[in-house]
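**Student:** Mind looking at a prediction? Sequence and model below.
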Amino acid sequence: MNPRRVRILKSAVSALSGPVVYWMSRDQRAEDNWALLHAQQQAVSTKQPLVVVFCLVPDFLQATLRQYGFMLRGLMETFAELERKNIAYRLLVGQPEEVLPGFLAQLQASLLVTDFDPLRIKRQWKAKLLARLTIDCHEVDAHNIVPCWIASPKLEFAAYTLRPKLKKLLPEFLEQFPPLERHPYPLAQVATPLPEVETVLAGLNIDRSVGEVDWLQVGAQAALLRLHQFLQDGLDDYGVNSNDPLLDRQSQLSPYLHFGQLSAQRTALEVLRHDGPVQQTEAFLEELIVRRELADNFCCYNPDYDNPAGFPAWAQQTLSDHLGDLRSYSYTAAEFEQATTHDPIWNAAQRQMVKTGKMHGYMRMYWAKKILEWSASPRQAMQTAIYLNDRYELDGRDPNGYAGIAWSIGGVHDRAWSERQIFGKIRYMNDKGLRRKFTIDRYCERFAAE
DNA sequence: ATCGGCTCGCGCAA
DNA sequence: TGCGCGAAGCCGAT
């Protein structure tokens, strides 16, 4: 494996023997996972058992039953796969920095490997954990194709500044995965039985009012199946109709990618192997690679990725110039949440999200821009949009979500446009555009109030 | 239907 | 220092 995928977070005077532990967090799959492959490589070279541990945090950024259910069902499938590979697994409940040190001590682990995540809370967990850690710790970017810190050492201005950097590095990093091997050194401790999802869910103090969805299957196998369906009947006209919110021409892969049930690199490799039309393939890879890795870059290098202080200077200036503008409509977060605005298109988009856990990508822009237009301030608008996105979307709490909302409300990765009320020079969108391009009334009917 | 202007700043060429 | 150009748009002119 390319050693540039690994960062040494801690180099302690380590024990020479003891199991290698992979703290799985962002990349919840067994195959196609560079962090797990690295951990296995380390364990094999020192002839040690390999243990995968997942820390279940009972109140993660207000996640609901919808996200916990999707995640845990996928995780159980991953655990079963690990078992077949003779790799031990543990599900711990609690804050990572509190439960992991004791767990590692009890196991007498020699090395901790974890996956990379640019989000604030994950970095706080890691910082606190490192302070208490007495063994080596390695971090592997198992989510991006080009490791985030290699792709760029700084905050990128827009897609066009990151794109050439990625292009140059893809030949090095977009390589085939080796298979996960059956691990030759078993853990001496007795294997724990596979936890029951319902039991684990019942033990969590989470919001159950946002229910699970049943329109897409959960887990790594289902993700690969969906990918191959998309290659068969979606990719060849991708970009032609994929912006139309009435046609289901999106790949539907984002929930799997978000929870790491599917690897972006595997997706890219399969898309290239499919060898479809050049333009459509490029359009899809642009979203999968450039846009996704740009969102990681944004969250990694901008500590204010979820509030207006993270907007570019021109955008902060122009929005503040228009803070006093009259709002023709002004809604609270609760009114937005209930989908009771005056705009049937906006309400339909909101209901699509509440009902299905996945708003159409094109509608997400319109949805967020209208929240800006109908909120008391950009700060309030950011809060509302992030609250709703994280609460209802299956792919909430993802850098893509934060970057997308910041693009819509704060001109992040965008440029200035004609000045107007409230928006200032932030790119404007209205329903006329939607009506011009799509038969948007049918979208409203599909997601009409019950 | 199509087209240019709107407007900012990065990155590269010179 | 100048210049080209950029995720998804809008608007008015032709």
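**Tutor:** Yes, it's here.
**Student:** Now do the same for A:Leu247: its pLDDT.
**Tutor:** Listed pLDDT for A:Leu247 reads 77.
**Student:** gap between it and A:His360?
**Tutor:** A:Leu247 sits at a distance of 9 Å from A:His360 (criterion: CB to CB, to the nearest Å). C-betas here are computed from N, CA, C, even on glycine.
**Student:** Output the below-cut-off pLDDT ranges for chain A.
**Tutor:** Residues of chain A that meet the criterion pLDDT under 70 lie in A:14-15, A:61, A:240-242.
**Student:** how is chain A carved up into domains?
**Tutor:** Taking automatic domain parsing as the criterion, chain A consists of the domains A:3-143, A:144-180+A:219-301, A:308-446.
**Student:** The second one: how far from the chain's middle?
**Tutor:** So that's domain A:144-180+A:219-301. 12 Å (CA atoms, centre = their mean, to the nearest Å).
**Student:** Repeat that for stretch A:85-99.
**Tutor:** The answer for stretch A:85-99 is 21 Å, by CA atoms, centre = their mean.
**Student:** Then stretch A:80-99?
**Tutor:** The answer for stretch A:80-99 is 21 Å, by CA atoms, centre = their mean.
**Student:** Stretch A:54-73 too?
**Tutor:** 14 Å.
**Student:** what about it, how long is it end to end?
**Tutor:** This stretch, stretch A:54-73, spans 13 Å end to end (CA to CA, to the nearest Å).
**Student:** where does the nearest residue to A:Asp431 once chain neighbours are set aside fall, helix, sheet strand or coil?
**Tutor:** Distance criterion CB to CB, 6 or more residues apart in numbering; nearest residue to A:Asp431, sequence neighbours excluded, is A:Ile345 at 5.4 Å. Under DSSP: H, G, I helix; E, B strand; the rest coil, A:Ile345 falls in the helix class.
**Student:** Quick check: the gap between A:Ile345 and A:Arg420.
**Tutor:** For A:Ile345 relative to A:Arg420 (CB to CB), the value is 20 Å.
**Student:** the more surrounded of the two?
**Tutor:** Ranked by neighbour count (other CB atoms under 10 Å), A:Ile345 and A:Arg420 place A:Ile345 first, with 23 against 12.
**Student:** In contact with that one, which residues are there?
**Tutor:** A:Ile345 makes contacts with A:366, A:431, A:434, A:440, A:443-444, as judged by CB atoms under 8 Å, 6 or more residues apart in numbering.
**Student:** and which of these is nearest to A:Ser152?
**Tutor:** Using CB to CB, A:Tyr366 comes nearest to A:Ser152 of these, at 29.9 Å.
**Student:** quick one: secondary structure of that closest one?
**Tutor:** Applying three-state DSSP: A:Tyr366 is helix.
**Student:** picking up where we left off before, let me know the closest of the contacts of A:Ile345 to A:Asp414.
**Tutor:** Closest to A:Asp414, out of all of the contacts of A:Ile345 and judged by CB to CB, is A:Tyr366, at 14.7 Å.
**Student:** before we move on, the earlier item: out of A:Leu247 and A:His360, which sits in the more crowded spot?
**Tutor:** A:His360 (23 against 13).
**Student:** ok, now which ones touch the more buried one?
**Tutor:** A:245, A:250, A:349, A:352.
**Student:** let's see 7 Å
**Tutor:** A:245, A:250, A:352 (CB atoms under 7 Å, 6 or more residues apart in numbering).
**Student:** Out of the residues you listed, which sit inside helices?
**Tutor:** A:Gln352 (DSSP state H).
**Student:** can you pick the most crowded of the contacts of A:His360?
**Tutor:** A:Pro245 (27 neighbours).
**Student:** List the buried residues for the lengthiest helix in chain A?
**Tutor:** Criterion DSSP H: the longest helix present in chain A is helix A:65-84. Across helix A:65-84, burial judged by 16 or more other CB atoms under 10 Å covers A:65-79, A:81-82.
**Student:** Spell out, range by range, the strands that occur in chain A.
**Tutor:** A:6-10, A:20-24, A:50-56, A:88-93, A:111-115, A:136-140 (DSSP state E).
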